[in-house]
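# Here is my input; please provide its structure:
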Amino acid sequence: MTDFIVAAKACLGDGGWIEPSEAAHFTTDILGSGGPCILVARPHATEIVAALVKLCAAHEVAIVPQGGNTNVCRMAVPLAGQQAIILSLSRMQQVIDINPRANTATVEAGTLMQTLQEAALAQDRVFAPDWGARGTASVGGAVATNGGGLNVLRYGTTREQVLGMEVVLPNGTIWNGMRSLIKDNSGYDLKHLFIGSEGTLGIITKLVFKLHPRQPVTQSMMAVLSDMSRLSDFFDMARAIGGERLIAFELLPSLGVEKALERYPDLQRPLETKADWYLLVRFAGHDSVEDPLMQVFERGFEQDILSDAVLSSSVAQEQNLWEIREQMIPHQYFKGQQLKWDVSVPTDQIVTFLMQAEGVIKAIDPATFCYAVGHVGDGNIHYSAYPPDQTDPNIVRQIYDQIDALIWGMGGSIVAEHGVGAIFVDRMRKQKSAVEYAMMETIKSGLDPQSIMNPGKLLTH
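You can find the predicted model right below:
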């Protein structure tokens, strides 16, 4: 590796790398430490990325692309036993252009989501993807994972925001797909190969995004259902009344709310009613949305769907509600082994899934507790289970197998928006037919025959 390291440092130039001994911040993610790296590369331009990738291909060195390193599926750190560099785009953060007339943004892939959100807002536009890690997550990582987040109900996933991109392919070739066209039927839409590819097919270096008109007025409601079986009724009502003004429809567990209020004393309890589940609904528009939101509020009680609810009446109350939502992160409350699902099911199957999943898990191991939070509007529930320490691995495997099968039996997916990474890679394969998985392998081997791009993530090689 000595010759490679010398050549890589020469390619990257001063300030363009970090030694492995100083790389703990890059080799550690939310799940803990990953494998060691040979070097952390921090190129500042696409041409440097291309030269480095060519060098890695010549020396058969694996490349682990990394944006903000906020992923929760062990996607952006090396695996044990790999001879790999981490390729961080943290120096490529330029907002190249905001075009409010065309409703587009052109940026380098290392740009933070919050930076682009703020640049768009300064032009009275909205960059739609949004989640709690906005201040550290990069837009390149968001595209590489096809991130979802809080606004999917209104704007769609990150995939639907991408118009064009620039990518360094595994042989070091630069593909310039930086088009901003709404329509282009001139062949395969190649950008979609790289959206959600988790860095296994190339390095996204620049992006053209779709922007949306800003909706300056928001108002939210936290509610308790009279019975969870009425969830679909309430969602249908909110969607019928709100239309495009319905931005988000979130499910919060009582356990998470109580933990957040306990951990963060500045947060205020919105409702005195304590329930197993809470709903958080947000409307947004150019003008006041109080009338339609009040209709949802009143009809909810008239039809005995709601047992309690509160509307935000100030910016501070609105922020308080959504800060509670953002603190539903289980990692900060629960220690020990986490069994994880990123569930996607049809929206009308959410309650059925929640009830059946907990029943399945309790039947296998009554001491295991469950935790769920998610996006009702798009059928995505982040689901986890916590068995006691020293639980028999066979029990863990049984829980995984039965909950996976339950999700697939509902026509769902065990991976909705967080990505596959390394922790879902074996289980995801069972979700795919032999034909579908072979198609994915063909694409991977065609673009990356040496399998140097993020090996062990998404696919098993």
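# any idea which helix or strand of this protein has the worst average confidence?
None of the helices or strands of the chain scores lower by mean pLDDT, DSSP states H and E than strand 32-33, at a mean of 82.
# so for the following helix or strand past that one, what's the average pLDDT?
Using DSSP states H and E, the helix or strand that follows strand 32-33 in sequence is strand 39-41. Strand 39-41 comes out with an average pLDDT of 97.
# what does strand 39-41 rub up against?
5, 8-9, 12, 16-20, 23, 26, 52, 85-88 (C-beta atoms under 8 Å, 6 or more residues apart in numbering). Just so you know, the C-beta spots here come from the backbone N, C-alpha and C atoms, and that holds for glycine as well.
# quick one: which of the residues you listed is nearest A62?
I85 (7.4 Å; C-beta to C-beta).
# Next, count neighbours for Q82.
As a burial measure, Q82 scores 19 neighbours (other C-beta atoms under 10 Å).
# For it, what are phi and psi?
Q82 adopts backbone torsions of phi -90, psi 140, taken as degrees, to the nearest 10.
# Against L271, how distant is the closest residue to P387 other than its chain neighbours?
Spatially, and ignoring its direct neighbours in sequence, P387 is nearest to T368 (4.4 Å; C-beta to C-beta, 6 or more residues apart in numbering). According to C-beta to C-beta, to the nearest Å, T368 stands 29 Å off from L271.
# Neighbour count for those two, which is higher?
Neighbour count, other C-beta under 10 Å: between T368 and L271, T368 has more, with 19 against 14.
# isn't the more buried one right next to D392, touching?
No. Contact criterion C-beta atoms under 8 Å: T368 and D392 do not qualify, at 11.6 Å.
# Identify the residues contacting the closest residue to Y155 other than its chain neighbours.
Closest residue to Y155 apart from its sequence neighbours, by C-beta to C-beta, 6+ apart: A128 at 3.6 Å. A128 makes contact with N151, R154, Y155, G156, Q161, K210, H212, according to C-beta under 8 Å, 6+ apart.
# Surely T145 touches V415?
No. The pair T145 / V415 is not scored as a contact, 10.1 Å apart, by C-beta under 8 Å.
# Now for the residue nearest to Y333 when sequence neighbours are not counted, how many residues are close by?
In this structure, Y333 finds its nearest non-sequential neighbour in K259, 4.5 Å apart by C-beta to C-beta, 6+ apart. K259: 19 surrounding residues under other C-beta under 10 Å.
# Same check on I195?
21.
# Tell me the buried residues within the contacts of A128.
When the contacts of A128 are checked for burial by 16 or more other C-beta atoms under 10 Å, the buried set is N151, R154, Y155, Q161, K210.
# any idea which of those residues is closest to A58?
Looking across the buried ones among the contacts of A128 and measuring by C-beta to C-beta, the closest to A58 is Q161, at 35.5 Å.
# In terms of pLDDT, where does the closest one sit?
97.
# Next, it: phi, psi?
Dihedral pair for Q161: phi -100, psi -10, per degrees, to the nearest 10.
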